[in-house]
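Participant: can you look at this prediction? I've put the sequence above it.
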Amino acid sequence: MIGICCLFIVTSCQNREPQGASIQGKDFAQSTEKSVIMVMIDSMTADLLDAAKEEGIIPGLSFLMENGTYFDELIAPFPSMSVVIESTLITGSLPDEHKVPGLVWYHAEEDRLVDYGSTPETYMKLGLNRVLFDDLSNLNNRHLSKDVPTIHEILQDSQMSTGSVNALVYRGNTSHKVNLPEPFDTWMQGQPFETKGPDLLSFGTIIEPKVIQAKELDDDHFLDLYGLNDSYGTAVVRTLIEKNEQPQFLFLFMPDFDQATHDHGQLNLEDFEKVDHAFQDILNSYDSWEQALEENIFIVIGDHGQSQIASTASDAIIPLPTLYEEYEIASLMDAPSDGEIVIANNHRMVYVYSFQPAHSFDTLANEALEDLRIQFAAYLEDDELVIKAPEHKEPLKVKKGGSWIDPYGQTWTIEGNEQIGDVFFDHDCKRIMYGENPDLFNQLFHALDSHTSTLVLTAKPGYIFESEGAPAHIGGGEHGGIHEEDTKAAMIIAGTDKAPAHLRMVDLKDFIIRLMTEEN
């Protein structure tokens, strides 16, 4: 979800070593002869691709699936919100390192909620100027940690050209001017912007590279939402290809299907057909689709899944104001620390922050878990992860390091209730296998370590959290949670037979750099 856009709208006991070691800081001797085009299609999942392919309505994506490798699960980071996912993708790190913990989060140093894009009500209460500045400047230039280099920065340092089209997270080495159209320029009182991005940066009609400024994109619908849509984004990519100005690595974000799933649910084939129609614009930029594959490696990914939300508000909504009615919850109009607690709502997960020492996270967790629609309450106690669930009195406690190893080579120390989390524990082999919550321990640790001390609540499939200003897509799709319905996306790789070490979003950065710096 793009903030400014939303203003308008069982294994063997054999030991295995961890895979996917970082290559940051290494010198690159050579580069691939092919360019890499990476396309993120919001909310693209395997169920959706399979159904659409069977119906014969996605010829463009089907061509890549038939001439490449199709992966039916790619695990997103947590919380499963697009801004966190993009930050993880381009930095190869999780929220505790890249420091973008959610679509909505509490900034302790400034005592305010950061919101990159929820609802018009939220924007008005938090301040339009502040929301715009967070979206267009702070996110890439301040909030995204400078301690973790991005794909763009690493490739640019290696004298390779990179580009980004309509992605919200794009930091690179090149300065770009931000020209706000009306009414944004008036709202910002003409305040000039500069942002750091790749060699070629296109963010709708707000940041336009020269090659686009010199060409009229003449279809009126291209300008809907100021170009932050699939038609405009693919038209930009097509123009770059036709004018021979395509960078060696190009990342395109296609956001349209996310809103369609919020409105109509995940298996919405009619709207997904429109996505493929727009995607075909890229393939049609070449003399043939086969030529497109001869000249490029295509990596097409979804960013997250969607949980189908219950059809009535009374069934769907977990009412946090009611569960925490004995506390003074800070209003969006006030400084968060003016209340006893404040809630940062990421739709199917929330961060709960306490400003009173007497209100322990254990107490806040127990009170929330009175609602059986909540999946987990989790918090850190020193270096220990505590996970609680409504059906269980005893928590599961997890520490990093130890004798237990999971499918990603991560090791853990486990204590307490092993019935929580749908995790299989093979006591003979000391192996962990995740069920419906892939990478559960790692995801919770990194989210809880990402900023100030907090409690995390996640919802079971079908439910969302209520708080002031939060959207409620009743009967539609929603994401943000830790369940596989939220975190499993799909991926297609065509033009190479190589694959990432693990099928997680966090592992794609190193994979892409390897593609760009090794012969295919």
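Facilitator: Yes, it's here.

Participant: excluding chain neighbours, what is closest to Ala449?
Facilitator: Slight slip there: residue 449 is Asp, not Ala. Using C-beta to C-beta, 6 or more residues apart in numbering and skipping residues adjacent in sequence, the residue nearest Asp449 is Asp96, 3.7 Å away. In this view, the C-beta of every residue, glycine as well, is placed from N, C-alpha and C.

Participant: got the phi and psi for Ser82?
Facilitator: phi -60, psi -40 (degrees, to the nearest 10).

Participant: still on that earlier bit, dump the C-alpha coordinates for the helix or strand where the residue nearest to Asp449 lies into CSV.
Facilitator: Element membership of Asp96, judged by DSSP states H and E, is helix 95-98. Included here for helix 95-98 are C-alpha records, laid out as CSV according to Å, rounded to 0.1, in the frame of the first residue of the first chain:
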residue,chain,number,x,y,z
PRO,A,95,12.7,-4.5,10.8
ASP,A,96,15.2,-4.5,13.7
GLU,A,97,17.9,-3.6,11.3
HIS,A,98,16.2,-1.5,8.6
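
Participant: and the helix or strand following it, what does it pack onto?
Facilitator: Helices and strands here follow DSSP H and E; after helix 95-98, the next one along the chain is strand 104-107. The elements that strand 104-107 packs onto, with contact taken as 3 or more C-beta pairs under 8 Å, 6 or more residues apart in numbering; DSSP states H and E, are strand 112-115, strand 341-345, strand 349-354.

Participant: where does pLDDT dip in the chain?
Facilitator: 1-32, 184, 187-192, 213-225, 519-520 (pLDDT under 70).

Participant: not counting sequence-adjacent ones, nearest residue to the most centrally placed residue in the chain?
Facilitator: Nearest to the centroid of the C-alpha atoms of the chain, with distances taken as C-alpha atoms, centre = their mean, sits Ile85, at 2.2 Å. For Ile85, ignoring the flanking residues on the chain, the nearest one in space by C-beta to C-beta, 6+ apart is Asp303 at 4.6 Å.

Participant: so what does the lengthiest strand in the chain touch, helix or strand wise?
Facilitator: In the chain, taking DSSP state E as the definition, the longest strand is strand 396-405. Here strand 396-405 touches strand 384-388, strand 411-416, strand 431-434, helix 440-448, going by 3+ C-beta pairs under 8 Å, 6+ apart.

Participant: that one: how far from the chain's middle?
Facilitator: The chain centre lies 26 Å from the centre of strand 396-405; the measure is C-alpha atoms, centre = their mean, to the nearest Å.

Participant: could you export that strand as PDB, CA atoms only?
Facilitator: Extracted in PDB, the C-alpha atoms of strand 396-405 (Å, rounded to 0.1, in the frame of the first residue of the first chain):
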ATOM      1  CA  LEU A 396       5.900 -20.400  24.900                       C
ATOM      2  CA  LYS A 397       9.300 -18.800  25.600                       C
ATOM      3  CA  VAL A 398      12.100 -18.600  23.000                       C
ATOM      4  CA  LYS A 399      15.600 -17.400  23.000                       C
ATOM      5  CA  LYS A 400      18.000 -16.900  20.100                       C
ATOM      6  CA  GLY A 401      20.700 -19.600  19.800                       C
ATOM      7  CA  GLY A 402      20.600 -23.000  21.300                       C
ATOM      8  CA  SER A 403      20.200 -26.600  20.200                       C
ATOM      9  CA  TRP A 404      17.000 -26.300  18.200                       C
ATOM     10  CA  ILE A 405      17.300 -25.600  14.500                       C
END
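
Participant: ok, and for it, which residues are buried?
Facilitator: For strand 396-405, burial by neighbour count (16 or more other C-beta atoms under 10 Å) applies to Leu396, Lys397, Val398, Lys399, Trp404, Ile405.

Participant: about what we covered before: list the contacts for the residue nearest to Asp449?
Facilitator: Phe445, His446, Ala447, Asp449, Ser450 (C-beta atoms under 8 Å, 6 or more residues apart in numbering).

Participant: against Pro101, how distant is the fourth one?
Facilitator: According to C-beta to C-beta, to the nearest Å, Asp449 stands 9 Å off from Pro101.

Participant: which residue, other than its chain neighbours, is closest to Ile151?
Facilitator: Leaving aside its chain neighbours, Ile151 sits nearest to Ile90 (4.9 Å; criterion: C-beta to C-beta, 6+ apart).

Participant: tell me the contacts of Pro79?
Facilitator: Residues in contact with Pro79, defined by C-beta under 8 Å, 6+ apart, are Pro101, Gly102, Leu103, Asn346, Met349, Ala447, Gly480, Gly481, Ile482.

Participant: let me have the contacts of Asp96 in TSV, extended by distance to Pro79 and neighbour count.
Facilitator: Formatted as TSV, these follow (distance: C-beta to C-beta, whole Å; neighbours: other C-beta atoms under 10 Å):
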residue	distance to Pro79	neighbour count
Phe445	13	23
His446	10	22
Ala447	6	27
Asp449	13	17
Ser450	10	21
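
Participant: that'll do, ta.
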